[in-house]
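> Give me the fold of what follows.
(chains A and B)
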Amino acid sequence: GQQVQQSPASLVLQEGENAELQCNFSSTATQLQWFYQSPGGSLVSLLSNPSGTKHTGRLTSTTVTKERRSSLHISSSQTTDSGTYLCAIDPNSGTYQRFGTGTKLQVVP
Amino acid sequence: NSKVIQTPRYLVKGQGQKAKMRCIPEKGHPVVFWYQQNKNNEFKFLINFQNQEVLQQIDMTEKRFSAECPSNSPCSLEIQSSEAGDSALYLCASSLLLGGREQYFGPGTRLTVL
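Below is the predicted model of the structure:
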């Protein structure tokens, strides 16, 4: 089955609202990354957060390793935040990443 | 951000044709990954290298794809005989280490097989 589950699948926000994206995974993770994928396809690494809480700009990620879940909080959303947010884990050090199918975010003015 | 370079950005091939794409990893990154992302956003790992050596690959890659990462040249992924189901975004990523480190992705090559 799917090792990484993301929710919600899609989300529409008014500009200025906050977003909370969830990532649940079925195996232990030695690495966890949140990515942003633009409509054009380019994948940009936002945060690397295998455990604990990390902040960068308007983004905050909290990963609770023993509960196998991570969240990405986007504060004060902007229209330029629209795109797909992907969560990926490395379940064992020394293998490839497993990706969720993403949350498609649309921020409207 | 990422300095992984992928070419071409778009590739259109007929069924049965060869399709070749290239990737230049970030400088100093010895580990390279190839992934396939389909229209449903599902990622499939294809193959990875450490320096010039293949570390892991899936069955499909072994049979229908050829890939290499020669020293001082771009890495490449080639589909020997394209099928309609190969239409997807092919993403190359590089990393400092094989496990437990961030992967940095290129912009991808979007392959369309007619």
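> Write out the residues of chain B neighbouring chain A.
Applying C-beta under 8 Å from any C-beta of the partner chain, we find that chain B lies next to chain A at B:1-2, B:33, B:35, B:37, B:40-43, B:45, B:48, B:56, B:89, B:91, B:98-105, B:107-108, B:110. Backbone N, C-alpha and C define where each C-beta goes, glycine included.
> Filter the residues you listed down to just the buried residues.
Buried members of those, scored by 16 or more other C-beta atoms under 10 Å in any protein chain shown, are B:2, B:33, B:35, B:37, B:41, B:43, B:45, B:48, B:56, B:89, B:91, B:98-105, B:107-108, B:110.
> residues in contact with residue A:9?
Listed by C-beta atoms under 8 Å, 6 or more residues apart in numbering or on different chains, the contact partners of residue A:9 are A:101-104.
> ok, 6 Å please
Neighbour list for residue A:9: empty [criterion: C-beta atoms under 6 Å, 6 or more residues apart in numbering or on different chains].
> go on, residue A:6?
If you count contacts by C-beta under 6 Å, 6+ apart, residue A:6 has them with A:23, A:87, A:100, A:102-103.
> Repeat that for residue B:75.
Residue B:75 makes contact with B:23, B:32, B:69 under the criterion C-beta under 6 Å, 6+ apart.
> I'd like a version of the residues you listed in JSON lines, one that adds neighbour count as further columns.
Below are these laid out as JSON lines (neighbours: other C-beta atoms under 10 Å in any protein chain shown):
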{"residue": "B:23", "neighbour count": "26"}
{"residue": "B:32", "neighbour count": "26"}
{"residue": "B:69", "neighbour count": "24"}
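> Fine by me, we can end here.
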